[in-house]
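In: Here you go, sequence then predicted model.
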Amino acid sequence: MKNTGKGGKLSGCITTIQFNIMTINGAHWHLLVNHLPIIGGLLATLVLGYGLFRRNQSIVQLSFGLFVLMSLATAVTNQTGESAEHYLESINALDKVIFRQHEEAADWANIGMYLTGGLSLLALVWKRAKQWQFLPTVIFVTSLITFGLMANVGRLGGLIMGVLLPTGHFYTLSN
């Protein structure tokens, strides 16, 4: 493929196809993964609530596993947030006041998710914790609080980007 800056051509194709090659930067990665802890945390909370309501230990255990996964997703999201910050600073598109609010809210939400995931992991692997009848309820309450914190982080994150992220170059495939 010959790259001509704005577009390129590839010989040998029967039809002409135009596609967009996108350069993925830190802000793009963050936008790709940041919804997982919010939506996944809500899903895990709903699964846990259903399991508690139905008194079904298998469903409760499933929710604990989901919370552990969402804790890992939270760590990934936090790392991509750092990359997004550096990218936005490099293009002078960072509103520092809103960003600091988002970052501080994310710190609290991360603590909540790590706590929820840690308690869930404890409930899954430590035999003595399985005897604590109150632990699933504590995890449920913690997850409700954490979801509220995560939703606020998402709201504040939505306020950060007022500029359109660049999409890359257009290439044309033709015969």
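Out: Received the coordinates, thanks.
In: CA atoms for contacts and neighbours, from now on please.
Out: Fine.
In: can you map out the helices along this protein?
Out: For the chain, the helices defined by DSSP state H cover 26-33, 35-54, 57-90, 96-125, 135-160.
In: helices or strands up against the fourth one?
Out: Under the contact definition 3 or more C-alpha pairs under 8 Å, 6 or more residues apart in numbering; DSSP states H and E, helix 96-125 sits against helix 57-90, helix 135-160.
In: Quick one: closest of these to residue 117.
Out: Of all the helices and strands packed on helix 96-125, the one in closest proximity to residue 117, counting by C-alpha to C-alpha, is helix 57-90 (4.4 Å).
In: Buried residues, the closest one. List them.
Out: 59-74, 76-78, 80-81, 83-88 (16 or more other C-alpha atoms under 10 Å).
In: Just give the closest residue to the spatially most central residue of the chain, not the sequence neighbours.
Out: The chain has residue 34 as the residue nearest its centroid, 2.5 Å off, counting by C-alpha atoms, centre = their mean. In space, not counting the residues next to it along the chain, residue 34 is nearest to residue 77; the distance is 5.4 Å by C-alpha to C-alpha, 6 or more residues apart in numbering.
In: distance of the one you found from residue 61?
Out: For residue 77, the distance to residue 61 (C-alpha to C-alpha, to the nearest Å) stands at 24 Å.
In: cool, residue 151 as well?
Out: Relative to residue 61, residue 151 is positioned 24 Å away (criterion: C-alpha to C-alpha).
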